[in-house]
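Undergrad: sequence plus predicted model, see below.
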Amino acid sequence: MQQSGPDKKPLFFYGFIIVLVGTLGVWASVPGQTLGVSTFTDPVKDALGLSRDKFSVAYALGTIGSSFLLGLAGKWFDRYGARKVAFFAALGLALALALSSQSQAISMSIQRFTGSSTWVIPFVVIMLCFFLIRFSGQGVLTMASRNMIMLWFDKFRGSVNAFSSIAVSLGFSISPLFIDHLIEGNGWQKAWQLMAWGLLVVAGLIYIFYRDTPEKMGLKPDGSLIKKNNRGKTDAERIQFSKKEALKTRAFWMYGLMMAFNGYFITGLTFHIVSVFENVGLTKTDAISIFVPMSIISVSTSFIFNTLSDFIKLKKLLFLMILGGVIASVGLAFLSAPIGYYLLVFGAGLSGGLFAVLVSVTWPRFYGRKNLGAISGVSMQMIVFASALGPWLFSASFTLFGSYSVIALLGIVGLVLMAVFSLKANNPQ
């Protein structure tokens, strides 16, 4: 909070609370993220009687369906604010998890009612569950929480995002192990139910502590911090792009596509992580444990470059992220060799750390705060849509070629093309 009056110094800037609760909101989206869903893949597909390919397609279709609505969710953010949007997103995710925990029972009930034992019934049921999980979790709750933090800061976006990204990365890194422990100790149905109860608690915290913008509390972005640093343009001096104007710039598409590639690659890898490692003779424990060193690199990268992003051009970070994607793809293609493991871990960690930087600071810096929800909503659509294709394309690569190397090599080709077209992806300001 801040005292009013020209001669009174602020006692406390509420933006620091925003960083804490906003980070909690992003972390709470874990059940809707691929790393939160992937741990359920084997037990749920077996319980529903679906093959890996069918289960992957159901996940892809549910995710693609959710991506089509994220542009609308961005408009909700601009119209209704972070507090309402994030609150209902958390409630929606809790409901989605509760329904998912009953997907087997729902499928069996429909099969008995229709007198049919076709696989189509559990396929449609889990697809609809994935639609709800992905839309409310990975999509809306993540977007609203992340954007809220960015609206409360301007000059120090990178610095506060460094803290938030580290906390989120650490939380995400331990989540697969935590969720696997829940499943092993309680079964996949109870595990989803326990997380649903946790989301209800988070929804309550969102309602109490989230605030839409500093202006609505009589404050300014950065609070008193801005007095310590007066470099560069402020948000008030930036051109406030509309969504239509932003989509006409090359920068939007190049940055957006690279973020989408990261979502595609990490989702495909995470969703099939056990299969990917077993295919080269490694165990499930080896597969799950990859997230720890990957996250260490990601956290370190995020901290360093979030802080530096307040001072340097984001274009340099874009090319570094592309390089990380190339290294990770090479590692996946040659995972059977010892060097492949280290390349995969380092490349994915580097790319993921830079994703945490660019996905937050790029849009308000390039296009202003006025239409942040609508513009970032389109980017989130691209990320979620690409993440939907990841599991399906990885599965298709394994089914057709008996290996994940083919899809990795195709990714390298795409990244090289992206690097070429990004040469002129300049800040539209």
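TA: Thanks, I have the structure now.

Undergrad: make it CA atoms for all contacts and neighbour counts henceforth
TA: Will do.

Undergrad: what are the ranges of the helices in the stretch 51-200 of the chain?
TA: Taking DSSP state H, counting those that start in this stretch to define them, one finds helices in the stretch 51-200 of the chain at 52-67, 70-80, 82-101, 103-114, 120-133, 142-151, 157-186, 188-209.

Undergrad: any stretches of the stretch 101-250 of the chain with poor pLDDT?
TA: Within the stretch 101-250 of the chain, the ranges that satisfy pLDDT under 70 run 224-236.

Undergrad: give me whichever of the helices of the stretch 51-200 of the chain is most buried.
TA: helix 142-151 (a mean of 27; mean count of other CA atoms under 10 Å).

Undergrad: which residues touch that helix?
TA: Contacts to helix 142-151, defined as CA atoms under 8 Å, 6 or more residues apart in numbering, come from residues 15, 18-19, 22-23, 25-26, 29, 77, 82, 85-86, 157, 211-214, 221, 360-361, 364, 369, 372-373, 376-377, 380.

Undergrad: buried ones among those residues?
TA: 15, 18-19, 22-23, 25-26, 29, 77, 82, 85-86, 157, 211-214, 221, 360-361, 364, 369, 372-373, 376-377, 380 (16 or more other CA atoms under 10 Å).

Undergrad: ok so, going back, any chance of the helices of the stretch 51-200 of the chain in JSON lines, with distance to N426 too?
TA: Converted to JSON lines, these look like this (distance: least, CA to CA, whole Å):
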{"stretch": "helix 52-67", "distance to N426": "27"}
{"stretch": "helix 70-80", "distance to N426": "24"}
{"stretch": "helix 82-101", "distance to N426": "29"}
{"stretch": "helix 103-114", "distance to N426": "47"}
{"stretch": "helix 120-133", "distance to N426": "35"}
{"stretch": "helix 142-151", "distance to N426": "21"}
{"stretch": "helix 157-186", "distance to N426": "19"}
{"stretch": "helix 188-209", "distance to N426": "36"}
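
Undergrad: can you tell which of those helices is closest to T301?
TA: With respect to T301, and counting by CA to CA, the nearest of the helices of the stretch 51-200 of the chain is helix 157-186 at 9.4 Å.

Undergrad: okay, and which of the contacts of helix 142-151 map to helices?
TA: 15, 18-19, 22-23, 25-26, 77, 82, 85-86, 157, 360-361, 364, 372-373, 376-377, 380 (DSSP state H).

Undergrad: so which bits of stretch 262-274 are buried?
TA: 262-274.

Undergrad: was I right about L50 contacting F123?
TA: Yes - in this structure, L50 is within contact of F123 by CA atoms under 8 Å, at 7.3 Å.

Undergrad: gap between stretch 115-128 and the chain center?
TA: Its chain's C-alpha centre and that of stretch 115-128 lie 28 Å apart, by CA atoms, centre = their mean, to the nearest Å.

Undergrad: how close does the residue nearest the centre of the chain sit to L282?
TA: Geometric centre of the chain, nearest residue: Q138, 5.6 Å, by CA atoms, centre = their mean. In this view, Q138 and L282 are 29 Å apart by CA to CA, to the nearest Å.

Undergrad: same thing with F346?
TA: According to CA to CA, F346 and L282 sit 18 Å apart.

Undergrad: those two: who's more crowded?
TA: Taking F346 and L282 together and counting by other CA atoms under 10 Å, F346 has the greater number of neighbours (23 against 14).

Undergrad: and the pLDDT for the more buried one?
TA: At F346, the model reports a pLDDT of 95.

Undergrad: my read: it touches I296, true?
TA: No - with contact defined as CA under 8 Å, F346 and I296 do not form a contacting pair (9.6 Å).

Undergrad: that older thread, among the helices of the stretch 51-200 of the chain, which comes closest to W392?
TA: helix 52-67 (5.4 Å).

Undergrad: model confidence over that closest one, on average?
TA: 87.

Undergrad: for the remainder of this discussion, apply numbering that starts at 34.
TA: I'll keep to 34 as the first residue from here, and by that count the last item is helix 85-100.

Undergrad: elements contacting it?
TA: Under the contact definition 3 or more CA pairs under 8 Å, 6 or more residues apart in numbering; DSSP states H and E, helix 85-100 sits against helix 74-81, helix 153-166, helix 405-434.

Undergrad: and stretch 235-242, how far from the chain's centre?
TA: Relative to its chain's centre, stretch 235-242 lies at 20 Å (CA atoms, centre = their mean).

Undergrad: what lies in contact with it?
TA: By CA under 8 Å, 6+ apart, stretch 235-242 touches 50-51, 54, 58, 61, 116-117, 119-121, 123-124.

Undergrad: for stretch 131-144, same thing?
TA: By CA under 8 Å, 6+ apart, stretch 131-144 touches 80-81, 150-151, 154-155, 158-159, 162, 221-223, 225-226, 229.

Undergrad: from the chain's centroid, how far away is that stretch?
TA: On CA atoms, centre = their mean, the centre of stretch 131-144 falls 27 Å from the chain's centre.

Undergrad: with just CA atoms, put that stretch into PDB.
TA: Extracted in PDB, the C-alpha atoms of stretch 131-144 (Å, rounded to 0.1, in the frame of the first residue of the first chain):
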ATOM      1  CA  ALA A 131     -13.000 -33.600 -10.800                       C
ATOM      2  CA  LEU A 132     -14.700 -34.600 -14.000                       C
ATOM      3  CA  SER A 133     -11.500 -36.200 -15.300                       C
ATOM      4  CA  SER A 134     -11.200 -38.300 -12.200                       C
ATOM      5  CA  GLN A 135     -14.500 -39.800 -13.100                       C
ATOM      6  CA  SER A 136     -13.800 -40.300 -16.800                       C
ATOM      7  CA  GLN A 137     -13.600 -44.100 -16.500                       C
ATOM      8  CA  ALA A 138     -16.900 -44.200 -14.600                       C
ATOM      9  CA  ILE A 139     -18.600 -41.800 -17.100                       C
ATOM     10  CA  SER A 140     -17.400 -43.800 -20.100                       C
ATOM     11  CA  MET A 141     -18.600 -47.100 -18.600                       C
ATOM     12  CA  SER A 142     -22.000 -45.600 -17.800                       C
ATOM     13  CA  ILE A 143     -22.400 -44.300 -21.400                       C
ATOM     14  CA  GLN A 144     -21.300 -47.700 -22.700                       C
END
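
Undergrad: kind regards, and thank you for your time.
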